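*Asks:* What shape does this take:
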Amino acid sequence: MIMVLATFLAAILVGLGLFEKADPSFFRWLLGTGIAEILFAVLGPFREAFQPKGRVSVNLVFQDKSLGEIDLDVEGCIYELRDERTFETKAKGNLLPTKGPGGWQCVLPPSVSPSDYVKLLLSDKSGDRWEANWFLPLVITKEVVRI
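*Replies:* Below you'll find the predicted structure:
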């Protein structure tokens, strides 16, 4: 923020003629840069507020298994969210995986932000346990491995 104010102050001083040898185009460039820096400094902290909200879907690819070989137990599927900065657990809950023509898909809850880390723990009806290790919810397809 100090750099933003210093740039903007320099533009004003050049515009007032304090620096006699300054090129007039320098003032226009510096003023435009100062205004852009102020806009970014003000809008930057609110960047997540402007991101679209909604649910994130993750397509699951099972290691060494074809689509027909996996039958997930809907009751045994959970997710865990961890914070980006502290990596502390923010939330845990049940998932509702659905099977479509392209394979299994999990829809994450709307409380998931783009900077959260997500882990999926799944179980199938034969008793096998599967895991999609930590990933950011910007991932569209995630490989799931047997644990």
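*Asks:* C-alpha only now, for contacts and for neighbours.
*Replies:* Fine.
*Asks:* how about the helices in this structure?
*Replies:* Here the chain has its helices, by DSSP state H, at 2-15, 24-43.
*Asks:* Redo these as a markdown table? Include mean pLDDT, distance to Pro110 and mean neighbour count.
*Replies:* Conversion of the helices of the chain to a markdown table gives the following (pLDDT from 0 to 100; distance: least, C-alpha to C-alpha, whole Å; neighbours: other C-alpha atoms under 10 Å):
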| stretch | mean pLDDT | distance to Pro110 | mean neighbour count |
| --- | --- | --- | --- |
| helix 2-15 | 75 | 35 | 16 |
| helix 24-43 | 76 | 23 | 15 |
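*Asks:* tally of neighbours for Glu143?
*Replies:* Using other C-alpha atoms under 10 Å, Glu143 has 14 neighbouring residues.
*Asks:* For Phe135, see how far away the most far-flung residue of the chain relative to its centre is.
*Replies:* Here the centre of the chain is the reference, and by C-alpha atoms, centre = their mean the most remote residue is Glu20, at 48.2 Å. The gap separating Glu20 from Phe135 is 56 Å, by C-alpha to C-alpha, to the nearest Å.
*Asks:* In a markdown table, list the helices of the chain along with distance to Glu88.
*Replies:* Compiled in a markdown table, these are given as follows (distance: least, C-alpha to C-alpha, whole Å):
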| stretch | distance to Glu88 |
| --- | --- |
| helix 2-15 | 32 |
| helix 24-43 | 27 |
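*Asks:* got a list of what the closest residue to Ile38 other than its chain neighbours touches?
*Replies:* Spatial nearest neighbour of Ile38, excluding adjacent residues (C-alpha to C-alpha, 6 or more residues apart in numbering): Val4 at 6.4 Å. Listed by C-alpha atoms under 8 Å, 6 or more residues apart in numbering, the contact set of Val4 reads Gly34, Glu37, Ile38, Ala41.
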